[in-house]
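In: What would the 3D arrangement of this be:
(chains A and B)
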Amino acid sequence: DTGVSQDPRHKITKRGQNVTFRCDPISEHNRLYWYRQTLGQGPEFLTYFQNEAQLEKSRLLSDRFSAERPKGSFSTLEIQRTEQGDSAMYLCASSLTSGERDTQYFGPGTRLTVL
Amino acid sequence: GQQVMQIPQYQHVQEGEDFTTYCNSSTTLSNIQWYKQRPGGHPVFLIQLVKSGEVKKQKRLTFQFGEAKKNSSLHITATQTTDVGTYFCAGRVAGGSYIPTFGRGTSLIVHP
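Out: Predicted coordinates for the structure are as follows:
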């Protein structure tokens, strides 16, 4: 399978715990995005990388959230001291930019439930 | 900040009827993308529109980008049960952030 993969697919944690999610983009894709999606809403941008550089972060992203893409390939998203409001689907997408074209391919997501 | 409004939020149709969802931005867009998300699935890219007034077709789906590049629509002719899902538009602000802003989506329910 050459699509975007995410791990784990589901995570249940207790409030206050730290969680880390992994995203493996499509090989050769230079851009990687993290989004959060709650029921009845569209994906909400969190942050994105071009190669290993984190170029933009949402102003909504609290300092409990951190993301890395150390070698310009896979990425991790960590949430520290989770809160119930963090419960959501966390989506990763990757793209290979070419001029105006930037088709994002989404992974299956990690569903986080904070108890 | 930029807002992308999408209407309607839900649409029930009988199989064979047409369906349209509309996307409106508060600011001029450089381009707009459309995605489909099946129940329990993830968004899947459908198309990107870049030019003012652009119209593109994919079989029974017709996508339009407004002349002012502030609105867009997706029209499905003769819906089928396989069309069920939520359709999202995502727009990038002209001269602004590279990041697309997604609308809330329109959920299409097709009754056989």
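In: Next, give phi and psi for B:Thr81.
Out: phi -60, psi -20 (degrees, to the nearest 10).
In: check contacts around it.
Out: B:Glu15, B:Val110, B:Pro112 (CB atoms under 8 Å, 6 or more residues apart in numbering or on different chains). Glycine gets a C-beta too; all of them are placed from N, C-alpha and C.
In: confidence score at the last one?
Out: It stands for B:Pro112. pLDDT, B:Pro112: 91.
In: Report the contact partners of it.
Out: B:Glu15, B:Thr81.
In: what do you get for the first one?
Out: Counting by CB under 8 Å, 6+ apart, B:Glu15 makes contact with B:Thr79, B:Gln80, B:Thr81, B:Val110, B:His111, B:Pro112.
In: what about the residue nearest in space to the middle of chain A, helix or strand, and which?
Out: Nearest to the mean C-alpha position of chain A, by CA atoms, centre = their mean, lies A:Trp34 at 3.0 Å. Element membership for A:Trp34 (DSSP states H and E) is strand A:31-37.
In: Which residues of chain B lie near chain A?
Out: Within chain B, the residues that sit near chain A (CB under 8 Å from any CB of the partner chain) are B:6, B:9, B:30-31, B:33, B:35, B:41-45, B:48, B:50, B:88, B:90, B:97-105.
In: So how do I select the buried members of those residues in PyMOL?
Out: Typed into PyMOL, the line below selects the buried ones among those, using 16 or more other CB atoms under 10 Å in any protein chain shown:
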select buried, chain B and resi 6+31+33+35+42+43+45+48+50+88+90+99+100+101+102+103+104+105
